[in-house]
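Enquirer: my questions concern the predicted model and sequence given below.
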Amino acid sequence: MIIRFGYVSHALSLWDASPAKALTYTRYKQLDAKERKAKLHFVTKQNLKNTIRMLHYNIGHEINVYRFSSSIAPLATHPEVKWDFLSPFLSEWKEIGALVKKHALRVSFHPNQFTLFTSPRDEVTQNAVIDMDYHYKMLEAMGIEDESVINIHIGGAYGDKKTTLQRFHENIKSLPSHIKKIMTLENDDKTYHSEETLAVCEKEGIPFVFDYHHHKANCCERELGDFLPAIFDTWKSRGLLPKIHISSPKSEKEYRAHSEFVDFNFIKPLVDELKILGTNVDFMIEAKAKDQAMLKLVEDFSNIRGVKRIGGATVEF
């Protein structure tokens, strides 16, 4: 069994390399028309440059799994702004895509918690479609939309899970098929647990990104080993390795909050189940220390008897 490790958006080991530098709408409104365009271009150029820096860092450290920042193009989906964030930066988008393809990197996006298809309000669904389209267009500009994913949560329960899940299945029809084709769903730490998320994924033909920390915070009745194979089966249609989100609690009191690093003892029961199944998987590390936490966890794994480190961020059992 082989496990590849990745991290989220920002390599803390690099100086001033945030790929999510911001321009708020409040600040945007204070600028005149010429300044607005210049500022949007300046910030986006910085974010693209830092994304490219991140990819070179990943390549140098043999890190094959990476999640792009969703904030590369500020205010791209704001109803009062909505600007062309693609054509002024075609060379940068293409450079990113070329690096991903050349080095066989696995990349993804994870829109924020407001991108959901369970709301009874039509405008929320419409905004979710707009946001999913924004993420898709970035992947399309890179030329890597077919091998990437956009991951979201099911959403809120609104006091009635059964009715809300029916509404999800109805609302998701508004998402264009080419975008739905590359989306994934993740289990929640409070609302939809692993079994419920799996049922939605199976019905809609959507791959399931399993979050182990969320699973522990919001358990279902079935044992982990009973439904992991079914979760992994949801990935077969995409021809991609199953992806698992990894983090550990900040404390018992703040159980749902992510700690700086990953406690190996916390994820050991998952690792034991994976060893039984023998399925190759990718771990997306969601700890606060990002790349540093990921590399520390790789070291923790490589110190286990019978585990061999076969790359900068890859181990084999």
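Expert: Done, it's in.

Enquirer: OK, contacts around I96?
Expert: Counting by CB atoms under 8 Å, 6 or more residues apart in numbering, I96 touches L48, T51, I52, L55, M142. All C-beta atoms are positioned from the backbone trio N, CA, C, and that covers glycine.

Enquirer: output the one helix or strand L297 maps to in CSV with nothing but the alpha carbons.
Expert: Secondary structure from DSSP states H and E places L297 in helix 290-302. Coordinates of each C-alpha in helix 290-302 appear next as CSV, following Å, rounded to 0.1, in the frame of the first residue of the first chain:
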residue,chain,number,x,y,z
LYS,A,290,0.3,23.0,6.5
ASP,A,291,3.4,21.8,4.7
GLN,A,292,5.4,21.6,7.9
ALA,A,293,2.8,19.4,9.5
MET,A,294,2.7,17.2,6.4
LEU,A,295,6.4,16.7,6.3
LYS,A,296,6.4,15.9,10.0
LEU,A,297,3.7,13.3,9.5
VAL,A,298,5.7,11.7,6.7
GLU,A,299,8.6,11.4,9.1
ASP,A,300,6.3,9.8,11.7
PHE,A,301,5.2,7.2,9.2
SER,A,302,8.7,6.5,7.9
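
Enquirer: mind listing what's buried along it?
Expert: Applying a neighbour-count criterion of 16 or more other CB atoms under 10 Å, one finds K290, D291, Q292, A293, M294, L295, K296, L297, V298, D300, F301 buried in helix 290-302.

Enquirer: between those, which is closest to T24?
Expert: K290 (23.5 Å; CB to CB).

Enquirer: gap between that closest one and L12?
Expert: According to CB to CB, to the nearest Å, K290 stands 5 Å off from L12.

Enquirer: could you do N187 as well?
Expert: For N187, the distance to L12 - CB to CB - is 27 Å.

Enquirer: who's more crowded, those two?
Expert: N187 (29 against 14; other CB atoms under 10 Å).

Enquirer: I'd say that one and H214 touch.
Expert: Yes - contact criterion CB atoms under 8 Å: N187 and H214 qualify, at 5.2 Å.

Enquirer: ok, which stretches of the protein are helices?
Expert: Remark: helices assigned in the chain by DSSP state H are 25-29, 33-60, 90-102, 122-142, 161-171, 177-180, 194-204, 212-217, 224-233, 264-277, 290-302.

Enquirer: so how far is the shortest one off the chain centroid?
Expert: Here the centre of helix 177-180 is set off from its chain's centre by 17 Å, with CA atoms, centre = their mean, to the nearest Å.

Enquirer: tally of neighbours for E170?
Expert: 11.

Enquirer: how far away is it from V315?
Expert: Distance of E170 to V315, computed by CB to CB: 43 Å.
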